[in-house]
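In: model the following, please.
(4 chains)
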Number of protein chains: 2
Amino acid sequence: MVGIKDVAKRAGVSIGTVSNVVNRPHVVAVATRNRVLSVIEELGYVRDESARQLRAGRSRIMGLLVLDLGNPFFVDVARGAEQAAHAEGLNIITCNSGQRSDLEASYLAMFAEQRVRGVLLSPVATSGEALRAFRRSGTPYVFVDRKAPTSEASSVAVDDIAGGALAARHLLETGHRRIAFVNGPAILAQCRDREQGLRTALEGSGVELTVLEAIGLDVSSGRDAGARLLGTSPRPTAVFCANDLLALGVLQAMVGAGVRIPEEMAIVGYDDIEFAGAAAVPLTSVRQPAQRLGRTAAELLLNETADTTVEHQAVVFTPELVVRESTRVRR
Amino acid sequence: MVGIKDVAKRAGVSIGTVSNVVNRPHVVAVATRNRVLSVIEELGYVRDESARQLRAGRSRIMGLLVLDLGNPFFVDVARGAEQAAHAEGLNIITCNSGQRSDLEASYLAMFAEQRVRGVLLSPVATSGEALRAFRRSGTPYVFVDRKAPTSEASSVAVDDIAGGALAARHLLETGHRRIAFVNGPAILAQCRDREQGLRTALEGSGVELTVLEAIGLDVSSGRDAGARLLGTSPRPTAVFCANDLLALGVLQAMVGAGVRIPEEMAIVGYDDIEFAGAAAVPLTSVRQPAQRLGRTAAELLLNETADTTVEHQAVVFTPELVVRESTRVRR
DNA sequence: CAGGCGCGATGAAACGTTTCATACCCGTGG
DNA sequence: CCACGGGTATGAAACGTTTCATCGCGCCTG
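Out: So this is what the prediction gives:
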């Protein structure tokens, strides 16, 4: 592999000069510069980032670890983060923990070993060995889609309790009295909070609430949950799902069983991913500003890495209900 | 930041010994080993991957550059690739070109500078400055979802011509005589091939074919195309879309305009993403083995990086038609 | 008892950069 | 004519690892 000293030898200059041509072109005489540049071109020299980084002590890369890239919500978060990072000339590497703590641990270790500039993290659980070990490495990090005490780190999240309440109030207003909640794994704070918001808002309303916990937060888990839901009696008249993927699965199960939506079963999802509006019956959903979440988190992280004295912040966005056919009362 | 020599000093051993503890624990006496390990724990030492890599001359990372992470098809490709890489103890970093040549170029440059072990590439265009420059860097690469001459590199693809033909024959058999094709950007070989397969299969059938080119390969481009389609007269009775995202957009436009699917307009998509089956009207689609594509490509790349004498291969998978409501003739 | 062997530990070199103090060359002003 | 300074180029040190030749030491064997 051709290195800086091959270029130097071939161009008849010192390696320091080659380095200057690459990094501070203005300090080298124009004749020399052109000669070196043409040798670089001729030899196909590509500088070695690991050597650069070793010398510089820090990398030009930012890590992003999300819970599930199969969920378009996180793809949007990644898009937002990428924008902000590119604006500062940094590259982002996106990794997918798939909600598995072991993968999360392995990616965090990788980030630490890479001496990444910082990490945007949407964690499986904020306690846990992996995270504790990662903290010790001293790599700066910001939580995404997860509140955290500012004493520990900055965070950017959406108010999940408010989101749960939004869904609850909507279902109450449309007259439902038997409601099911299809939740995801309770390890996830998002799931716990949405349930809590729902419960609090339903308090005293006399609504009969059934809670099902799905295995995952994906469409096929939703189908399973939908099948279970079909077996309950008396059957609820509305179901709120922790996630649009779950909601799409539930919807599919209902349509497959000939249950009419929303007449026999109203459905509310969460995230308002693009597919929610294009579903069998367009889904009512709680919208989160996903791209903004990613962008803001990246900006916060960039600030903190530029100036370590800056205070941690906890940014919380407010979700918004988008009403579509799946809960719209037909006349 | 604590380095190997801090550990060495504190444990009263040489840096070579510390290195051995980390990399070849069996060669160091158990008492020494434990002492060093406890110092590592105490100091929170994390080894510096850039120094490691500089010394080793190669990295433990594989790059994956896809056209669009917003398309669940590529998320599945990424999943497959990740599996194969992890099985070999490598990490994958996934980047998203979003079909933009400038981003593609910038990520390829980054991969080359990082000296990644190899790159899985689903390129915007196989010609082009970016790719030519990348080739010169000598980083091994394998094309994903794109055929390529074995003289250049290995590739893993799905037969898009066959896929287009599959859709065409299905629409012919279900009696359609005015068909529209909503294609994506013609720079993409996938789009050109699917169109060609369609045209060839329709040849001599007397079918009237209208081709629309959408701006992108996403749902909103599909909505636009759907709107345009509504304006054509006489209106086609079936539409084939280069992609499920486009098909979902077209579907949404049709449903919004009160056009009955499949009676007034049959729709066929491509990729068979999970959302296709959960759509307003479940979509007939051409299925591709996405995860297998990623896994196979990664395995090929691993082989080639392990043994440079191995021959390039071009693996081609065969697509499969999945028939659902959107083309099913109702009785 | 000498020689050899195996186990553990050591010290130094090397990886490819960047940076910085230094040196050289030439022209200009005193 | 000398001193000085601006514009260029140089050489060496440093970054944190891994690797490898070497060495010391205790033990076995002949």
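In: ends of stretch A:109-129, what's the gap?
Out: Terminal residues of stretch A:109-129 are spaced 12 Å apart (CA to CA, to the nearest Å).
In: just give the nearest non-adjacent residue to A:G70, would you?
Out: In this structure, A:G70 finds its nearest non-sequential neighbour in B:V75, 5.5 Å apart by CB to CB, 6 or more residues apart in numbering or on different chains. (Glycine included, C-beta is placed from N, CA and C.)
In: show me the contacts for the one you found.
Out: A:69-70, A:75, B:69 (CB atoms under 8 Å, 6 or more residues apart in numbering or on different chains).
In: my read is that A:R47 contacts A:I4, right?
Out: Yes. Counting by CB atoms under 8 Å, A:R47 touches A:I4, with 7.2 Å between them.
In: what's the nearest residue to A:P234 if we skip its chain neighbours?
Out: A:R178 (6.4 Å).
In: surely that neighbour touches A:E208?
Out: Yes. Using CB under 8 Å, A:R178 is in contact with A:E208, at 4.8 Å.
In: what is in contact with those two at once?
Out: Common neighbours of A:R178 and A:E208 (CB under 8 Å, 6+ apart) are A:P236.
In: can you map out the strands along chain A?
Out: A:61-66, A:91-96, A:118-121, A:141-144, A:154-158, A:178-183, A:208-213, A:238-241, A:266-271, A:284-287, A:314-317, A:320-322 (DSSP state E).
In: could I get those strands as TSV with distance to B:N91, mean pLDDT and mean neighbour count?
Out: Below are these laid out as TSV (distance: least, CB to CB, whole Å; pLDDT from 0 to 100; neighbours: other CB atoms under 10 Å in any protein chain shown):
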stretch	distance to B:N91	mean pLDDT	mean neighbour count
strand A:61-66	11	96	25
strand A:91-96	8	92	23
strand A:118-121	14	97	27
strand A:141-144	18	97	27
strand A:154-158	26	97	25
strand A:178-183	32	98	24
strand A:208-213	32	96	15
strand A:238-241	33	98	30
strand A:266-271	28	98	29
strand A:284-287	34	98	25
strand A:314-317	30	98	16
strand A:320-322	37	98	16
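In: quick one: those as CSV, columns for distance to B:P319 too.
Out: Compiled in CSV, the strands of chain A are given as follows (distance: least, CB to CB, whole Å):
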stretch, distance to B:P319
strand A:61-66, 30
strand A:91-96, 26
strand A:118-121, 37
strand A:141-144, 37
strand A:154-158, 39
strand A:178-183, 34
strand A:208-213, 36
strand A:238-241, 32
strand A:266-271, 30
strand A:284-287, 32
strand A:314-317, 41
strand A:320-322, 35
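In: who touches the residue nearest to A:P234 in this structure?
Out: A:207-208, A:210, A:234-238.
In: tell me which residue lies nearest the centroid of chain A.
Out: Taking CA atoms, centre = their mean, the centroid of chain A lies closest to A:F74, which sits 3.9 Å from it.
In: OK, contacts around it?
Out: A:66-68, A:122, A:290 are the contacts of A:F74 under CB under 8 Å, 6+ apart.
In: before we move on, back to that, which of the strands of chain A sits closest to B:P282?
Out: strand A:266-271 (16.6 Å; CB to CB).
In: packing partners for the closest one?
Out: Under the contact definition 3 or more CB pairs under 8 Å, 6 or more residues apart in numbering or on different chains; DSSP states H and E, strand A:266-271 sits against helix A:160-173, strand A:238-241, helix A:244-256, strand A:284-287.
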